[in-house]
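J.: predicted model and sequence follow; I will ask about them next.
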Amino acid sequence: MTKEKPIIVWFRRDLRVSDHPALSAACSACVPVIAVFIKDDIVDGLGAAPKWRLGKALEVFTQTLARLNIPLILREGPAGDVLDALITETDAQGVYWSRLYDPACVTRDTVIKADLLSKGLEARSFGGHLMFEPWTVETKTGGMYKVYTPFWRSVKDRDVDVPLAVPTSVQPYEGHLESADQSDWALGAAMRRGGVIVARHAQVGEAAAQARLADFIENDVSDYVERRDIPSTRGTSGLSENLALGEISPHQCWHAGMRALHEGKDDSEVFLKELVWREFAYHLTHHTPHILDSNWKSDWDKFAWNEDADHPEVIAWKQGRTGIEFVDAAMREMYVTGKMHNRGRMIVASYLTKHLLTHWKVGQAWFDDCLTDWDPASNAMGWQWAAGSGPDASPYFRVFNPVTQLDKFDRERGYARAWIAEGQGNPPDTATSYFEAIPKSWGLRSTDIYPKPIVEAAKGRQRALDAYQGRGF
């Protein structure tokens, strides 16, 4: 047994070994390193798809760490109690971790840090999940940014930390530590049969994320501006699922985009702006955490949205059976792949909150459960942007017409055909896979007749505008 006291690295949504400040700092201390993942109440509270994706990520990350000769210890229970027990077992000198920024994680981590420090132990939190710590970006008057464009201008010329290499000098802990069997956690149980379908489309782990980034920069970023809004093409990076669990860092993505920009691939700047859009979501979450569960603009508290998640119109929306092709194709893409094209996210959110006059929190909760690239800040901001209740929001009177949007971005209907099987004599696998992924209780078949619109585009728009006017908007 080594005599040096080990450092515990507590992994959460940072499942990588490159550009990992907490891991690098622990390794550079030249003491044994213990890696732990804790299944606490925050993990237990994840929706079906995010929890399934986390399980897949942990399986791959366990192998990644093993190549550094670091076992990943799995423990279950309140995080503070688990860490205390592990410190007692190992005589560890402290705990390092990567910061998270949603209120639940901030509260948990603050309590744990104070407790560890009070016991004379090290408790160090590091960046890595974001490029810019939210409290370091301020307006000229020292306040927060409420609009994206000025936020972008304030950070676009900032130095972004150069990504750290994979640690090359790692001292393993030589003692035996009990670890839970991940299969006993059944992280994918709530996905049921859908997990098998979604697994075909997931690219899990750090190596897959790095390959995906390299492929995007090499082959797709030059046409990013033209193709990123075309849902039938491969025009986006697809990195959202990897960023959500920290299988790749935003710093790595930023520097890859900057290299492409300096090489003359001008569309790379728009890719960089998308990375900063994610930063903006966390900036807002840090300064105004109520964005996650309440109207960011309090004026919207008086608006009489439908809040019944089981309303027939909402059920049709959830099932991708609204009769509006763009909405239905996007919802079905989510059930088959675990993700949804960004243009589709705007359309389905606008349709639910405006054409169906349903509260954005109903849609947010559904996405919380269904997206493998779920991110608390981005999901909340996206829904409030679409609904009109959030910062830098789409104006309340902007009601996307999902029919003309499809004409504009899917003129040949390639996207619609890819995901909607009804009415096609020989539908593609992507469309039929929807029926394999959804709950059997929905009782849907590819031979069903495609429904007529539950609310037609023009009628829904007028209904929304009438409702806004009646409430004084």
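T.: That came through fine. Residues are numbered from 1 along each chain as shown.
J.: what about Thr372, how many neighbours?
T.: 29 (other Cβ atoms under 10 Å). No exception for glycine: its C-beta is placed from N, CA and C like everyone else's.
J.: which parts of this protein are strands?
T.: Taking DSSP state E as the criterion, the chain carries its strands at 7-11, 32-39, 72-76, 94-98, 122-126, 171-172.
J.: and the ones you listed: which comes nearest Arg158?
T.: strand 122-126 (18.4 Å; Cβ to Cβ).
J.: same question for that closest one: list its buried residues.
T.: Buried residues in strand 122-126, counting neighbours by 16 or more other Cβ atoms under 10 Å, are found at 122-123, 125-126.
J.: now tell me what touches that strand from outside.
T.: Contact partners of strand 122-126, identified using Cβ atoms under 8 Å, 6 or more residues apart in numbering, comprise 7, 21-22, 25, 93-99, 109, 112-113, 116-117.
J.: closest to Pro250 out of the strands of the chain?
T.: Among the strands of the chain, strand 94-98 sits nearest to Pro250 (Cβ to Cβ), with 12.0 Å.
J.: mind checking how far the closest one is from the chain centre?
T.: Centroid separation for strand 94-98 versus its chain: 23 Å, with Cα atoms, centre = their mean, to the nearest Å.
J.: which elements pack onto it?
T.: strand 7-11, helix 21-28, helix 103-118, strand 122-126 (3 or more Cβ pairs under 8 Å, 6 or more residues apart in numbering; DSSP states H and E).
J.: deepest-packed of these, please.
T.: Here the criterion is mean neighbour count by mean count of other Cβ atoms under 10 Å, and of the helices and strands packed on strand 94-98 the winner is strand 7-11, at a mean of 24.
J.: what's the angle from it to helix 103-118?
T.: 170 degrees (axes from the mean of the first three to the mean of the last three Cα atoms, to 10 degrees).
J.: ok, strand 7-11: who's next to it in the sheet?
T.: strand 32-39 (parallel), strand 94-98 (parallel) (DSSP bridges).
J.: for Leu275, find the nearest of the helices and strands packed on strand 94-98.
T.: The nearest among the helices and strands packed on strand 94-98, by Cβ to Cβ, is helix 21-28 at 18.1 Å.
J.: elements contacting that closest one?
T.: strand 7-11, strand 32-39, strand 94-98, strand 122-126.
J.: rerun at 7 Å
T.: Using 3 or more Cβ pairs under 7 Å, 6 or more residues apart in numbering; DSSP states H and E, the elements in contact with helix 21-28 are strand 7-11, strand 94-98, strand 122-126.
J.: ok, which of these comes nearest Asp267?
T.: Nearest of those (Cβ to Cβ): strand 94-98, 30.4 Å.
J.: what's in contact with that closest one?
T.: 7-10, 12, 14, 22, 25-26, 83, 116, 121-126, 128-129 (Cβ atoms under 7 Å, 6 or more residues apart in numbering).
J.: ok so, going back, any chance of the helices and strands packed on strand 94-98 in a markdown table, plus mean pLDDT?
T.: What follows is these, written out as a markdown table (pLDDT from 0 to 100):
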| stretch | mean pLDDT |
| --- | --- |
| strand 7-11 | 98 |
| helix 21-28 | 97 |
| helix 103-118 | 98 |
| strand 122-126 | 98 |
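J.: go through the ones you listed and name the closest to Asp41.
T.: helix 103-118 (8.7 Å).
J.: extract the CA atoms of the closest one and return them as PDB.
T.: This file holds the C-alpha atoms of helix 103-118, laid out as PDB (Å, rounded to 0.1, in the frame of the first residue of the first chain):
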ATOM      1  CA  PRO A 103     -29.600  25.100  -8.700                       C
ATOM      2  CA  ALA A 104     -29.900  21.600  -7.500                       C
ATOM      3  CA  CYS A 105     -26.200  20.800  -8.200                       C
ATOM      4  CA  VAL A 106     -25.000  24.100  -6.900                       C
ATOM      5  CA  THR A 107     -26.900  23.600  -3.600                       C
ATOM      6  CA  ARG A 108     -25.600  20.000  -3.200                       C
ATOM      7  CA  ASP A 109     -22.000  20.900  -4.100                       C
ATOM      8  CA  THR A 110     -21.900  24.000  -1.800                       C
ATOM      9  CA  VAL A 111     -23.000  22.000   1.200                       C
ATOM     10  CA  ILE A 112     -20.500  19.200   0.400                       C
ATOM     11  CA  LYS A 113     -17.600  21.700  -0.100                       C
ATOM     12  CA  ALA A 114     -18.300  23.400   3.200                       C
ATOM     13  CA  ASP A 115     -18.500  20.100   5.000                       C
ATOM     14  CA  LEU A 116     -15.200  18.900   3.600                       C
ATOM     15  CA  LEU A 117     -13.400  22.100   4.400                       C
ATOM     16  CA  SER A 118     -14.700  22.100   7.900                       C
END
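J.: wait, Ser240 touches Thr372, no?
T.: No. Look at Ser240 against Thr372 with Cβ atoms under 7 Å: they stay out of range, at 8.8 Å.
J.: what about Gly142, how many neighbours?
T.: Counted with other Cβ under 10 Å, Gly142 comes out at 6.
J.: check it and give its pLDDT.
T.: Per-residue pLDDT puts Gly142 at 93.
J.: how about the one 4 residues further on?
T.: Here the pLDDT value assigned to Lys146 is 94.
J.: ditto for Gly472
T.: For Gly472, the predicted pLDDT is 61.
J.: isn't Thr236 right up against Arg228?
T.: Yes. Look at Thr236 against Arg228 with Cβ under 7 Å: they come within range, at 5.3 Å.
J.: give me the common contacts of Ser240 and Thr372.
T.: Lys339.
J.: surely Asn242 touches Ala211?
T.: No. If you go by Cβ under 7 Å, Asn242 and Ala211 don't touch, sitting 10.3 Å apart.
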